[in-house]
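Asker: I'll drop the sequence and a predicted model, then ask my questions.
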Amino acid sequence: MKKVFITLCCLSLSAFAANAQDKKVTPAPAPAAAPANDPDAGIFKFKDKDNTHDYGEVPEGPTAEYDFEFKNTGKKPIIITEAHGSCGCTVPKWPHEPILPGKKGTIHVTYNTDHRPGPISKEVTISSDAMEKSTVLHIRGTVKPKPVEAAPATPAPATH
């Protein structure tokens, strides 16, 4: 029994000693410097004030949709690389082809109102190669709940 105990102790010490040896650590490469903003890059100019659309009051059930219109006021084309809503109920569709200088584009936003009564406050984040790499669009409003339907009256059971 003593031999087994001593053997286990020696093996444990050997394992600890092996793990305690210095490991060569290779430093991670320094991150590349962020490129300076290109003064000729494309520039989003949205038609809506503060990039915000207020739906007002919309009924629960159908989708609420809106087209955010913009113009490229820069000197280079804008390529939108991604657009995503702040949740699954807010879905954007965007042009996948470059928006040339002076040309217009549309980002179509659909909000699913079904089972979501109450205030709307969602965001859509646009990633692109424009001067501002990330642009946030906002939708606001209120979803008016469906009217509650009265359950059909059931007759009381007859008692004898």
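Answerer: Structure's in. What do you need? Numbering: from 1, shown residues only.

Asker: what sits against the closest residue to residue 44 other than its chain neighbours?
Answerer: With CB to CB, 6 or more residues apart in numbering as the criterion, residue 44 has its nearest non-adjacent residue at 5.0 Å, and that residue is residue 70. The way it works is simple: take the backbone N, C-alpha and C, and place the C-beta from them, glycine included. With contacts defined as CB atoms under 8 Å, 6 or more residues apart in numbering, residue 70 is in contact with 44-47, 99, 104-107.

Asker: and those residues, which are buried?
Answerer: Neighbour-count burial (16 or more other CB atoms under 10 Å) is assigned, among these, to 44, 46, 99, 105, 107.

Asker: now the helix or strand hosting residue 123: average pLDDT?
Answerer: Following DSSP states H and E, the helix or strand that holds residue 123 is strand 118-128. Over the span of strand 118-128, the pLDDT mean works out to 96.

Asker: can you list the strands that it pairs with?
Answerer: Listed by DSSP bridges, the sheet partners of strand 118-128 and their directions read strand 80-85 (antiparallel), strand 134-144 (antiparallel).
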